[in-house]
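Chemist: this is a predicted model, with the sequence first.
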Amino acid sequence: MEVKNRGEYLMPEPSIRLAKMWEDVDFFELQMEIKGLNCMIYIDIYTSNEDLEELRQGINNFSNSKGNEFIWTSGNDIENVTHFLSIRFFIHNNRGHIGIEIIADNKMEKPYHMRSNFFIITELNQLDDFAKKLERLINEDTIELESIIPANDRLV
């Protein structure tokens, strides 16, 4: 957590930002910015509302204690594809902290290639906020969202 002035703290920024860039009949480009403790990635993926609905439902099921983890993937981790993204939600501890593991690969040629694997620790209520905002994005009530405030690392 950053210190602004003596004893005054800055509010943490959301860890996930999504924005629809353009849309076709069957899919759209989604620009993603995801921040962990020690890194930040930007990746553009091609996806659909059906894929995002699968993510939303999986988050809701996980959040309502219907499993110890939930993994959502977009793309494939093979050659000659546009991207690979895996987001794994898991129980980090018994105090309501949730871990989110991100594996992202933009599948571009060198020197533009990027592959990253990192974690975000947050609180359970942040998943509910993310799912609600995803629903607004799916229903086209908005074209962008910000969500998942990280947990205070001193309390995790």
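Modeler: Alright, I've got the coordinates.

Chemist: going by C-alpha atoms from here, please, whenever you check contacts or count neighbours.
Modeler: Noted.

Chemist: all helices of this protein, in order?
Modeler: Counting by DSSP state H, one finds helices in the chain at the ranges 49-63, 124-138.

Chemist: nearest to Lys107, of these?
Modeler: helix 49-63 (19.7 Å; Cα to Cα).

Chemist: tell me the buried residues in the closest one?
Modeler: For helix 49-63, the neighbour count (16 or more other Cα atoms under 10 Å) marks Asn49, Leu52, Glu53, Leu55, Arg56, Gly58, Ile59, Asn60, Phe62, Ser63 as buried.

Chemist: just give the closest residue to Trp72, not the sequence neighbours.
Modeler: Nearest residue to Trp72 in three dimensions, chain neighbours excluded: Ile87, at 5.3 Å (Cα to Cα, 6 or more residues apart in numbering).

Chemist: ok, now Met32?
Modeler: Leu18 (4.7 Å).

Chemist: how about residues contacting stretch 143-152?
Modeler: Here stretch 143-152 makes contact (Cα atoms under 8 Å, 6 or more residues apart in numbering) with 1, 12-20, 97, 120-123, 126-127, 129-130, 133-134, 137.
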